[in-house]
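Q: Return atomic coordinates for the entry below.
(one chain, ligands or ions: 2)
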Amino acid sequence: MITMKDIIRDGHPTLRKVAEEVTIPPTEEDRAVLKSMLEFIINSQDEEIAKKYDLRPGIGLAAPQINISKRMIALHLEDEKGKLHSYTLFNPKIVSHSVEKTYLPNGEGCLSVDEVIPGIVPRYARVTVKAFDIDGNELKLRLKGLPSIAMQHEIDHLNGIMFYDHINKDDPFKPVENAFPLE
Ligand SMILES: O=CN(O)CCNC(=O)c1cccc(Cl)c1Cl
Ligand code: NI
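A: Ligands and ions are numbered 1, 2, ... in the order given. This next block holds a predicted model:
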């Protein structure tokens, strides 16, 4: 099982690389790694397991965070309507997005960043994503709200981008044009 010791931290070069596309159909090994990434996220949200293994909670994980520079991500979160969004994806790609932007009022965090970095992280309010599922089938997702924000945070990891790269360095809480707080 993945634990915090497997997660690389800011400064590790892999976090700033553009990850390689996964060959489709995926190998058994790629499938096993992706499943273990989802398992970690679910474990990190389980009070007992997280306490037992000292896991920091997360709603997503990208393969570069476990030093695997491949385009694989896992997400496991509920949206504002209580709908579960649980995804294990290969080669996710944003194919279209809203002009409107949104951001989490309390900012974002990252398992690969040990310190809290406050500030507005502008994200597209809505995204359409094409990807391949755990079996190599192509799928299309239309997301808004927290699922949309988390998807963008994870796809950024595949392109060597960290959430704080989006924060205004001069004024972290400066209003962003056409961006509205979530909730
Ligand atoms: O890349 C994934 N992580 O670093 C896992 C830890 N961060 C989070 O769960 C998290 C927290 C707040 C906002 C967003 Cl969008 C995310 Cl994703
Ligand atoms: Ni992250």
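
Q: can you pull the buried residues of stretch 116-129?
A: Going by neighbour count (16 or more other C-beta atoms under 10 Å), the buried part of stretch 116-129 is 117, 119, 120, 121, 122, 123, 124, 125, 126, 127, 128, 129. All C-beta atoms are positioned from the backbone trio N, CA, C, and that covers glycine.

Q: Those in strands, which ones?
A: The subset of these located in strands under the criterion DSSP state E comprises 123, 124, 126, 127, 128, 129.

Q: just those now: which is nearest ligand 1?
A: Distances from those to ligand 1 were compared by C-beta to the nearest ligand atom; the smallest belongs to residue 123, at 7.7 Å.

Q: Can you tell me who that closest one pairs with across the strands?
A: Beta-bridge partners of residue 123, counted by DSSP bridges, are residue 102.

Q: got the contact list for it?
A: Taking C-beta atoms under 8 Å, 6 or more residues apart in numbering as the criterion, residue 123 is in contact with 101, 102, 103, 148, 149, 152, 153, 166.

Q: just the residues you listed that are near ligand 1?
A: With C-beta under 6 Å from any ligand atom as the criterion, the contacts of residue 123 include 149, 153 near ligand 1.

Q: For the top strand by length along the chain, give the mean pLDDT please.
A: Ranked by number of residues, the top strand in the chain under DSSP E is strand 84-97. When the per-residue pLDDT values of strand 84-97 are averaged, the result is 99.
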